[in-house]
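A.B. asks: Let me see the structure of the following:
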Amino acid sequence: MNKLGQITLREAGTEDAVVLLRLLRAAFGEYEGVLDPPSGAHNETIDTVRRKLAGGAAVVATVADEPVGFAFYESADDLLYF
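C.D. replies: Below you'll find the predicted structure:
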């Protein structure tokens with residue numbers, strides 16, 4: 001067990017779109033106006049997150065049932081893209 005506690009992974013559903021957007025904005029917030037070129041993360045909306053979930057999938061990492069991270073993924077041929 002790490003200092004954060006037990007990390008659990010679960011498949012994200014469309015009902016998680018708000019949580020994923022919140023995590024995405026928190027993860028990239030400190031880089032707004034810093035990266036060149038700028039990250040596309042700042043342009044994400046609930047609709048774009050839902051479209052990503054519809055076209056692929058995401059996994060959510062939780063600690064004590066609290067979402068702490070996630071990754072979008074999509075399979076193509078014999079590859080898995082994160």
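
A.B. asks: now the helices for the chain?
C.D. replies: For the chain, the helices defined by DSSP state H occupy 17-28, 46-55.

A.B. asks: Count the neighbours of D16 for me.
C.D. replies: A count of nearby residues for D16, using other C-beta atoms under 10 Å, gives 19. Using the backbone N, CA and C atoms, a C-beta is placed for each residue, glycine as well.

A.B. asks: I'd like the distance between it and V59.
C.D. replies: 10 Å (C-beta to C-beta, to the nearest Å).

A.B. asks: Need the residues touching each of the two.
C.D. replies: With contacts defined as C-beta atoms under 8 Å, 6 or more residues apart in numbering, the residues shared by D16 and V59 are F70.

A.B. asks: Return the most buried member of the helices of the chain.
C.D. replies: By mean neighbour count, with neighbours taken as mean count of other C-beta atoms under 10 Å, helix 17-28 ranks first of the helices of the chain at a mean of 16.

A.B. asks: got the contact list for it?
C.D. replies: By C-beta under 8 Å, 6+ apart, the list of residues contacting helix 17-28 reads 12, 39, 41-42, 44-46, 49-50, 53, 58, 60, 67-70.

A.B. asks: same thing but 6 Å
C.D. replies: With contacts defined as C-beta atoms under 6 Å, 6 or more residues apart in numbering, helix 17-28 is touched by 39, 41, 44, 46, 49-50, 67, 70.

A.B. asks: Would you map the strands across the protein?
C.D. replies: Counting by DSSP state E, one finds strands in the chain at the ranges 7-11, 57-63, 66-76, 79-81.

A.B. asks: quick one: low-confidence ranges for the protein?
C.D. replies: Scanning the chain for pLDDT under 70 picks out the ranges 1-4.

A.B. asks: now do 80
C.D. replies: 1-5 (pLDDT under 80).

A.B. asks: can you list the contacts of helix 17-28 in TSV and add distance to F82?
C.D. replies: Below are those laid out as TSV (distance: C-beta to C-beta, whole Å):
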residue	distance to F82
S39	16
A41	15
E44	16
I46	21
V49	16
R50	19
P67	17
F70	10
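
A.B. asks: Nearest to L79 among the residues you listed?
C.D. replies: Ranked by distance to L79 (C-beta to C-beta), these are led by F70 at 19.9 Å.
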